[in-house]
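[1] Sequence and computational prediction follow.
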Amino acid sequence: MNILFLSVLAFLLGSIPTGIIIARILGVDLKKIGSGNIGATNVLRTTGKWPALLTLAGDIAKGSAAVLVARRFEIGILPEGIVGLCAVLGHNFSIFLGFRGGKGVATSIGVLCIYAPQTGIVTIIIWLMTVLVTRYSSLGALVSFGSMPVVLAVLDHNAKAPVGIALALLLFVRHRENIVRLIRGTESKIGNR
């Protein structure tokens, strides 16, 4: 019963559209400008650095908070990860946005930072290095999360592997349009409006 309750709570927490709220305070309809995405990258392109950092922090906090709350209930390693995954699903399919949403990169990072901290740190480093070299946020997400299940298997508990694989697969599915644009050479780089 605890797992079901915590999963629903995590989904609702993940559903809070941080980027939409911050952009709306600044008078911007995030869904109608830039890429139309609700994440920090689109906030950066459309409203600037500080709103983007607030969005990033808020989206990371959703994933971290879900896992921290689950951990307090001592429900076990795999169920704890499932609760974190539900927060990412909430972000990606927000109940407040008609089951539409973002791509879940920051919320997934938030989950990893509590669920598997070493893997979370390595994932962030790989993302940053890829983005610094290429200036493609989407490519950074794809490379870092593509390698994340392997990093998780090496650095952490085998029971966490299903959650790591699920997070990676979900992220790739949500980035399928970005993958097409990367192949075609039409993907926007960070810094381009």
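    Yep, it's here.
[2] Quick check: which ranges of this protein have low pLDDT?
    Low-confidence segments of the chain (pLDDT under 70): 1, 191-193.
[3] Which residue ranges of it form helices?
    Residue ranges of the helices in the chain, as given by DSSP state H, are 2-15, 18-25, 40-47, 49-72, 77-92, 105-115, 117-134, 137-155, 161-174, 176-184.
[4] Tell me which of these sits most buried.
    Highest mean neighbour count of the helices of the chain: helix 105-115, a mean of 28 (counted as mean count of other Cβ atoms under 10 Å). Yep, even glycine has a C-beta here, placed from its N, CA and C like the rest.
[5] Let me have the helices of the chain in TSV, extended by distance to residue 31.
    Shown next, in TSV, are the helices of the chain (distance: least, Cβ to Cβ, whole Å):
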stretch	distance to residue 31
helix 2-15	15
helix 18-25	7
helix 40-47	9
helix 49-72	14
helix 77-92	15
helix 105-115	18
helix 117-134	24
helix 137-155	18
helix 161-174	16
helix 176-184	15
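[6] quick one, which of those helices is nearest to residue 98?
    helix 2-15 (10.9 Å; Cβ to Cβ).
[7] contact partners of that closest one?
    62-63, 65-66, 69-70, 73, 75, 79, 82-84, 86-97, 101, 107 (Cβ atoms under 8 Å, 6 or more residues apart in numbering).
[8] May I ask you to confirm that residue 156 is in contact with residue 121?
    No: using Cβ atoms under 8 Å, residue 156 is not in contact with residue 121; the gap is 11.5 Å.
[9] Now do the contacts for residue 58.
    16, 18, 19, 22 are the contacts of residue 58 under Cβ under 8 Å, 6+ apart.
[10] so what's the nearest residue to the first one once chain neighbours are set aside up against?
    Using Cβ to Cβ, 6 or more residues apart in numbering and skipping the chain neighbours, the partner closest in space to residue 16 is residue 62 (6.5 Å). In this structure, residue 62 makes contact with 13, 14, 16, 18, 87, 90, 91, 107, 110, judged by Cβ under 8 Å, 6+ apart.
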